[in-house]
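1. Compute the structure for the input listed below.
(chains A and B)
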2 protein chains.
Amino acid sequence: MTASPLEKFQQHLSNLPGINQATADRALARDAVLTKPAGALGKLEELAVWMSGWQGQHPPTYAHPQVIVFAGNHGVCDQGVSAFPQEVTAQMVANFNAGGAAINQLAIAFDAYFSVKALDLGRPTADFSQGPAMTENECANAMETGWNAVDKNTDILVVGEMGIGNTTVAAALSAALFGGTGVDWAGPGTGISTTGVQKKAAVIDAGIARHRAILGDPLKVLQHLGGREIAAMAGAILAARHKTIPVLLDGYVACSAAAVLYKANPEALDHCVAAHVSAEPGHINLLRNLKKEALLSLGMRLGEGSGAALALGIIKGAVATHNGMASFADAGVSGEASA
Amino acid sequence: MTASPLEKFQQHLSNLPGINQATADRALARDAVLTKPAGALGKLEELAVWMSGWQGQHPPTYAHPQVIVFAGNHGVCDQGVSAFPQEVTAQMVANFNAGGAAINQLAIAFDAYFSVKALDLGRPTADFSQGPAMTENECANAMETGWNAVDKNTDILVVGEMGIGNTTVAAALSAALFGGTGVDWAGPGTGISTTGVQKKAAVIDAGIARHRAILGDPLKVLQHLGGREIAAMAGAILAARHKTIPVLLDGYVACSAAAVLYKANPEALDHCVAAHVSAEPGHINLLRNLKKEALLSLGMRLGEGSGAALALGIIKGAVATHNGMASFADAGVSGEASA
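-> Prediction:
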């Protein structure tokens, strides 16, 4: 009997490398002697230690940040769940390639290497409210595309997405993985009306009902209710773990990909930090379920990895202060009076 | 009769230039046609419009960000209000000049021009719990130093500070300007104990009681309870307004300088955005009084302008997306379906 094509990723999920505690400890030790009151850089100090531990090196580097946007189309758009027509996915891929999208500017602003991978845009997934969105092979191939897109020299990874209709998919995955119904997870996405959100919720409920038998298996949930760009993001986030690369999680759709990994192994996102909390209401709830607290809350809801790319600036600042500051001894600065 | 040396700044506060509505409108018009759903970049869109309006130009620029750190020493340190000895102020100024502090790394990370101005460190202000911290001349001279430090070519300004004991001064100014007592405004600063915070609160209460007669005049509050680096920051923030430069406000101490201007004229901070909310507890309360919402909340409490310098990354991203993105028409991307 042939193994399921998803079996390989299940194995990667069962064999997760941990943090490098030795390099994390070296970062902690350096942090303690830098010219500032203990803890005064707050989250920046934690992020420098996190970078060092998950990169498995000290000092941590911010020399080759990578931003990858995956694009896919969704059969569920047949149900009228989005404010934009489906051809916008391919048009935006052209915009990414021409350098005209928000993510292009943010990648440049924070020195990141940018690429976009379009996954079979001319052949949308099947409508999940009518049947499985993908075959096992399609899902595994998309995960493989994501896995292979991660450059092993990357020192911090952002994965983003473009796919008209994919906040409906993110909401369906969230409901399938964490319970609740469509109304608990559906939001306005790119800007549909209240009636539109109700329709979206009903479509999600139909999908959950149809695929009830496989809801206990996270990778099957991805296959049945997900999409190619979401499977690719899941593959990329998992690849980053195996390639010792920390990850900044973007918004609702990116986190729905991460959620599949989390449900398969609750340690699967230990190398990830939530970059921002989106204005899409389901994202707050999803972050709570993933036990992640976001770095930024700026009312963004664009996707493309834009929130995470903006948070690259925070990481850049964390690494710059950790690596570049003088110690009390080097600078000849007197320490804190003993209490 | 000679005019008070503070009179000039009072006049600057009474003659505030407003936003350039024409350039703000041009930014709004461009924002509306960029390749993203309306509002999907959240706060970044507002910041691009804010930059354009207060710079009085469209497109807005992020070409010459300026970070200035002002340093001063405080007589109130005689009361034992800080965990660090007072000589650390001068030692940290040397560290800034050598490039070894957190703010140096953050300024480099976000392309900012950095300078430090030490104000009479060998001659601390008087202890405000015993008498006026400064003479009118000393206060006006410090404001003038701040005013002159702002380069007219700056496109976004960060002012920061270094001054052992100055969270006590910030708390005293906050209490004097907005009411309440020492316990409402005092916090651990660089890291004093609960007993230390109680002592700090008592010193603040003594200062407020001693200077009750001048509490209705914000510039006199600055003179009697403030410090040179705080007066310099107030001068710089006011100068920025007159030189059409938007400002990112740093933490508790920088906001206490801004608060003096706000109490003198409630429109005086319209060109300012609160960059971050500090871990120093009084800062939340102070921002509420200034009617400002912070961009970042990362548990920072270092001063030096570090929180605001980190937020330069957000401004950089806002300007980059606004200026660099393609329009729907240019990119050939279909718009939103009409509802």
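
2. Could you confirm A:Leu248 falls within a strand?
-> Yes. Under DSSP: H, G, I helix; E, B strand; the rest coil, A:Leu248 sits within a strand.

3. give me the number of residues near it?
-> 27 (other CB atoms under 10 Å in any protein chain shown). In this view, the C-beta of every residue, glycine as well, is placed from N, C-alpha and C.

4. what about A:Gly99, how many neighbours?
-> Neighbours around A:Gly99, by other CB under 10 Å: 15.

5. Kindly apply the preceding question to A:Asp78 instead.
-> For A:Asp78, using other CB under 10 Å, the count is 15.

6. quick one: contacts for it?
-> Each residue near A:Asp78 by CB atoms under 8 Å, 6 or more residues apart in numbering or on different chains is listed here: A:Asp127.

7. same check, this time on A:His58
-> Going by CB under 8 Å, 6+ apart, the list of residues near A:His58 reads A:23, A:26-27, A:30, A:52.

8. Among the residues you listed, which ones are in helices?
-> Secondary structure from DSSP state H places A:23, A:26-27, A:30, A:52 of the contacts of A:His58 in helices.

9. Can you say which of the residues you listed are also within reach of chain B?
-> Filtering those for neighbours of chain B using CB under 8 Å from any CB of the partner chain leaves an empty set.

10. Out of those, which is nearest to B:Val277?
-> A:Ala27 (25.7 Å; CB to CB).

11. The residue nearest to the closest one when sequence neighbours are not counted: what's it in contact with?
-> Of all residues not flanking A:Ala27 in the chain, A:Ser52 sits nearest, at 3.7 Å (CB to CB, 6 or more residues apart in numbering or on different chains). Contact partners of A:Ser52, counting by CB under 8 Å, 6+ apart, are A:20, A:23-24, A:26-27, A:58-60, A:322.

12. returning to what we had before: looking at the contacts of A:His58, spot the one nearest A:Val159.
-> Checking these against A:Val159 with CB to CB, the nearest one is A:Ser52 at 21.7 Å.

13. before we move on, the earlier item: any chance of JSON lines for the contacts of A:His58, columns pLDDT?
-> Below are the contacts of A:His58 laid out as JSON lines (pLDDT from 0 to 100):
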{"residue": "A:Thr23", "pLDDT": "98"}
{"residue": "A:Arg26", "pLDDT": "98"}
{"residue": "A:Ala27", "pLDDT": "98"}
{"residue": "A:Arg30", "pLDDT": "98"}
{"residue": "A:Ser52", "pLDDT": "98"}
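
14. ranking the ones in helices among the contacts of A:His58 by neighbours, who comes first?
-> Neighbour counts for the ones in helices among the contacts of A:His58 peak at A:Ser52, which has 29 neighbours (criterion: other CB under 10 Å).

15. thought A:Ile68 was touching A:Asn148?
-> No. With contact defined as CB atoms under 8 Å, A:Ile68 does not reach A:Asn148; the gap is 10.4 Å.

16. which one of the two has more residues nearby?
-> Taking neighbours as other CB under 10 Å, A:Ile68 and A:Asn148 compare with A:Ile68 leading, 25 against 13.

17. Contact partners for the residue lying closest to that one once chain neighbours are set aside?
-> Spatial nearest neighbour of A:Ile68, excluding adjacent residues (CB to CB, 6+ apart): A:Ala149 at 5.0 Å. A:Ala149 makes contact with A:68, A:70, A:115, A:117, A:232, A:236 under the criterion CB under 8 Å, 6+ apart.

18. so how far is chain B from A:Pro281?
-> According to CB to the nearest CB, to the nearest Å, A:Pro281 and chain B sit 14 Å apart.

19. how many other residues sit next to that residue?
-> 17.

20. Give me the pLDDT for it.
-> Looking at A:Pro281, its pLDDT is 90.

21. Surely it and A:Gly189 touch.
-> No. Counting by CB under 8 Å, no contact exists between A:Pro281 and A:Gly189, whose distance comes to 10.6 Å.

22. picking that back up, now the residue nearest to A:Ile68: how far from chain B?
-> 23 Å.

23. Equivalent analysis for A:Ala329, please.
-> The value you get for A:Ala329 to chain B, if CB to the nearest CB is used, is 11 Å.

24. How many residues are close by that residue?
-> For A:Ala329, using other CB under 10 Å, the count is 10.

25. Helix or strand: which one has it?
-> Here A:Ala329 sits within helix A:328-331, counting by DSSP states H and E.

26. Would you mark the buried spots in that helix?
-> Buried positions in helix A:328-331, judged by neighbour count with 16 or more other CB atoms under 10 Å in any protein chain shown: A:328, A:331.

27. And the contacts of it?
-> A:33-35, A:334-335, B:91, B:94-95, B:98, B:100.

28. Now tabulate those in a markdown table and tack on neighbour count, secondary structure and pLDDT.
-> Converted to a markdown table, these look like this (neighbours: other CB atoms under 10 Å in any protein chain shown; DSSP: H, G, I helix; E, B strand; the rest coil; pLDDT from 0 to 100):
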| residue | neighbour count | secondary structure | pLDDT |
| --- | --- | --- | --- |
| A:Val33 | 14 | coil | 97 |
| A:Leu34 | 23 | strand | 98 |
| A:Thr35 | 23 | coil | 96 |
| A:Ser334 | 14 | coil | 89 |
| A:Gly335 | 15 | coil | 79 |
| B:Gln91 | 18 | helix | 97 |
| B:Ala94 | 16 | helix | 98 |
| B:Asn95 | 26 | helix | 97 |
| B:Ala98 | 13 | helix | 98 |
| B:Gly100 | 21 | coil | 98 |
